[in-house]
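Enquirer: The amino acid sequence is not available; the structure is as follows:
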């Protein structure tokens, strides 16, 4: 069942809870209301209806969302973008240059996802294409002004070659996707995020870059926001 959590006056987390065993509190979509409204990731196609329900729980009209920041294009993060933007009808998609073409034409992404994930890919449901005019290619150092804050882009390869992390400079929040691992909030524990093909050295370089930031909180895609971000990233690096 979809749940929405208000983490701060302008930040919420939606548990899109795909209708699959064991997937509660696994895929988290962040909703930032900072003048303009932005999402970080959307989840797979199978959970788009839950995402829309979660937005409505927060009294957000999907058509009022300006941006979707895609940390990377793995199915559990971005597989549902093509389906979601039929209702999130005015949002631009912010994505790495290696990911953008695969959102526009997901044929290869869908084939590769089935090969790697097998039955899980079919459960996540097919990836639908995103119109090219909705896609903005993001690179290191770019920033997006939402009105009340700016979101800065950091390239953080390792978990995926096309991985991005997004910094809310005003609040010191880092939306890290899986660049800093995955978080089990109930026991304040971190586990590895090392899918094939995994690249160790870029992962360590990315972590070193993130550790140098002045952070207050770390927002994990899987799952939840945590304090003491530097300690957690250093622990993950070890």
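Expert: Good, I have the coordinates. From a predicted model like this one, the values you see are computed outputs, not experimental measurements. Residues are numbered from 1 along each chain as shown.
Enquirer: For the rest of this, base every contact and every neighbour count on C-alpha atoms.
Expert: OK.
Enquirer: Ranking helices and strands of the protein by mean pLDDT, which lands last?
Expert: Least confident helix or strand, the chain: strand 189-191 with a mean of 89, by mean pLDDT, DSSP states H and E.
Enquirer: Can you list the buried residues in the following helix or strand past it?
Expert: Proceeding N to C from strand 189-191, the next assigned helix or strand is helix 200-211, under DSSP states H and E. Using 16 or more other C-alpha atoms under 10 Å as the test for burial, helix 200-211 gives 202, 203, 204, 206, 207, 210, 211.
Enquirer: Give me the nearest residue to the first one, chain neighbours excluded.
Expert: Read it as residue 202. Sequence neighbours aside, residue 158 is the residue nearest to residue 202 in space, at 4.9 Å (criterion: C-alpha to C-alpha, 6 or more residues apart in numbering).
Enquirer: my read: that neighbour touches residue 200, true?
Expert: Yes - Residue 158 is within contact range of residue 200, at 6.3 Å (criterion: C-alpha atoms under 8 Å).
Enquirer: Relative to residue 34, how far out is the residue most central in space within the chain?
Expert: Closest residue to the average C-alpha location of the chain: residue 41 at 3.5 Å, with C-alpha atoms, centre = their mean. Applying C-alpha to C-alpha, to the nearest Å, the value for residue 41 to residue 34 is 17 Å.
Enquirer: Helices of this protein, residue ranges please.
Expert: Using DSSP state H, the helices found in the chain span residues 48-57, 75-78, 81-84, 100-104, 107-117, 119-124, 200-211, 229-237.
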